[in-house]
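Undergrad: Next input, structure requested:
(one chain, ligands or ions: 1)
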Amino acid sequence: MNSLFDLSGKVAVVTGANTGIGQGIALALAAAGADIAAVGRSAAEETVTKARSMGRCAEIISADLSTIEPADRIVKETVDKLGRLDILVNNAGIIRRADSIDFTEEDWDAVIDTNLKSVFFLAQAAARHMIPNGGGKIINIASMLTFQGGIRVPSYTASKSGIGGLTKLLANEWAAEGINVNAIAPGYIATNNTAALQDDETRNRQIMERIPAGRWGRPKDLGGAAVFLASSAADYVQGHILAVDGGWLAR
Ligand code: NDP
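TA: Model prediction:
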């Protein structure tokens, strides 16, 4: 492998690694050489088994990221089980859909707590470990709604827009400490999260027509961007939000 993208000897924490984009990213990092701590509510057995079949160490860390309580424990368990922590991928996320006029506080808090508050406090816990150990890479999973408004997803849009700002702020604060903080903004990716849209014939057709690449993204389409941002090839990339969207934003 080109040594610029070689992650051998690195340890990556990936949240929401049991399925979808998180699984795609975890397996791409493993293929590039990283050992994997797969964090989430549901045990990421398939991800861990596949990473081990590539010769990597891989561990499951159970955590519910709807609160910030597990943040320090995730870092501690990663270091205890895998020896170090070099890369954090803040991927876990949820969405709630309703008209803004009817949107409830419960749907607001649930999304903001998981998609934004936990992202910040897990980044903080990771940085407190990375800084005295020479730095690391933090990759936040943003969205097209980091750049656009969307409709009927007010807390999701606020959370993903917030991730864009947070990514830049943390890059500003931690670049001098050797931490690169960047984000990936996926376009329409076929996962459980978007199953209802894929199943709705009319919406599906509208979406496909709007994507210049002419197809939905797959979780593995995010892998290259994640490996790049996690690797030494991205040592001078800071506060960037990298769209992986089949050209959606270019349209
Ligand atoms: P999925 O619904 O397939 O996966 C979401 C992941 O987040 C699951 O692993 C889920 O775990 C985890 N998760 C949710 N809530 C919690 C929680 N409280 N604690 C721990 N883990 C949790 O969605 P995607 O793979 O599509 O989404 C992954 C990320 O990508 C999200 O941040 C999403 O916003 C973002 N994204 C997705 C796009 C798409 O088109 N699919 C587009 C743009 C952004 P569990 O299975 O246990 O619930």
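
Undergrad: What number of residues are in the vicinity of Leu249?
TA: Other residues within reach of Leu249, judged by other Cβ atoms under 10 Å, total 13. Every residue, glycine included, has its C-beta placed from N, CA and C.

Undergrad: excluding its backbone neighbours, what's nearest it?
TA: When the adjacent residues along the chain are set aside, Leu249 lies closest to Ala243, with 5.2 Å between them (Cβ to Cβ, 6 or more residues apart in numbering).

Undergrad: what do you get for Asn133?
TA: Sequence neighbours aside, Arg84 is the residue nearest to Asn133 in space, at 7.1 Å (criterion: Cβ to Cβ, 6+ apart).

Undergrad: Let me see the contact set for that neighbour.
TA: Shown in contact with Arg84 (Cβ atoms under 8 Å, 6 or more residues apart in numbering): 10-11, 133.

Undergrad: which SSE is the closest residue to Ser155 other than its chain neighbours in?
TA: Distances taken as Cβ to Cβ, 6+ apart put Val111 closest to Ser155, at 3.7 Å, once the chain neighbours are dropped. Val111 is part of helix 105-112, with elements assigned from DSSP states H and E.

Undergrad: Go ahead and name everything in contact with that helix.
TA: When contacts are defined by Cβ under 8 Å, 6+ apart, helix 105-112 is touched by residues 66, 94-96, 98, 154-156, 158-159, 162.

Undergrad: overlap between those residues and the residues near the ligand?
TA: Among the contacts of helix 105-112, the residues within reach of the ligand (Cβ under 6 Å from any ligand atom) are 66, 94.

Undergrad: circling back to that earlier point, filter the contacts of Arg84 down to the buried ones and hand me the ChimeraX line.
TA: With 16 or more other Cβ atoms under 10 Å as the burial test, the buried ones among these are selected in ChimeraX as follows:
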select :10,11
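
Undergrad: where along the stretch 51-200 of the chain do the strands fall?
TA: Counting by DSSP state E, counting those that start in this stretch, the stretch 51-200 of the chain forms strands over residues 58-62, 87-90, 136-141, 179-186, given from the N-terminal end onward.
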